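**Student:** no sequence on hand, only this structure:
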C-alpha cells in the first residue's frame, strides 16, 4: 500500500495570497541584517543566562548614567533590547511556519519517492512482458553506485 503522509493542493489564489503576504513581510522586515559565516563566528552570543545579565546591566546603567561615558551608547543598547523583545514573537511564528513548510516538503517528497519505488518494483516484475525493459534500465541509473576515482598512492 502506498504511503500518503500528506495530501496537499495549493490553488493559484492561495499561492498568490501567500506571495503577497511574504512580500509584505519582506517589506516590513527590510531592515533585518544578513550575516555571513565569518561575521557570525566573531559575535558575542546572548543565551538565556547572558540575557538576564544584559537586562540587569542595562537597567543599572540606565539608573546610574553618571558612571557611563557618552561613547558607550546605552540608549542604543536599550533600543536594541526593545527591538529584540518585539521581534522574537514574530520570529517564533515564522520559525513554526517554516518548520511546518519544511515538514510538508519532506512528506510530499517522501510520498512521491515511495510511490516511485513501488512503481519501479512493478516495472521490474511486470514491465518485461510489456516492452518496458529499456525504460526500466534507464530508471535503474538511480541505483547505480558510482564511486569516486581512486588516486594511486604517490611513490615516495
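**Tutor:** Okay, I see it. Since this is a predicted model, take the numbers as computed values, not measurements.

**Student:** show me where this protein has its helices.
**Tutor:** Listed in chain order, the helices of the chain (DSSP state H) span residues 12-28, 37-41, 48-63, 74-126, 133-139.

**Student:** residue 146 is nearest to which of these?
**Tutor:** Proximity to residue 146 (Cβ to Cβ) singles out helix 133-139 among the helices of the chain, at 15.9 Å. C-beta here means a position set from N, CA and C on the backbone, and glycine is covered the same way.

**Student:** what bits of the chain have low per-residue confidence?
**Tutor:** Filtered on pLDDT under 70, the chain yields the residue ranges 127-128, 147-149, 151-156.

**Student:** related to what we said a few turns ago, need the helices of the chain in CSV (columns: distance to residue 2 and mean neighbour count).
**Tutor:** Below are the helices of the chain laid out as CSV (distance: least, Cβ to Cβ, whole Å; neighbours: other Cβ atoms under 10 Å):
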stretch, distance to residue 2, mean neighbour count
helix 12-28, 25, 10
helix 37-41, 41, 8
helix 48-63, 45, 12
helix 74-126, 5, 12
helix 133-139, 18, 12
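
**Student:** could you dump those helices to CSV with distance to residue 3?
**Tutor:** Listed next are the helices of the chain as CSV, based on distance: least, Cβ to Cβ, whole Å:
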stretch, distance to residue 3
helix 12-28, 24
helix 37-41, 37
helix 48-63, 40
helix 74-126, 4
helix 133-139, 19
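
**Student:** for the ones you listed, which one sits closest to residue 5?
**Tutor:** That would be helix 74-126 among the helices of the chain, by Cβ to Cβ, at 3.9 Å.

**Student:** quick one: that closest one to helix 48-63, angle?
**Tutor:** With axes from the mean of the first three to the mean of the last three Cα atoms, to 10 degrees as the basis, helix 74-126 and helix 48-63 are set at 160 degrees to each other.
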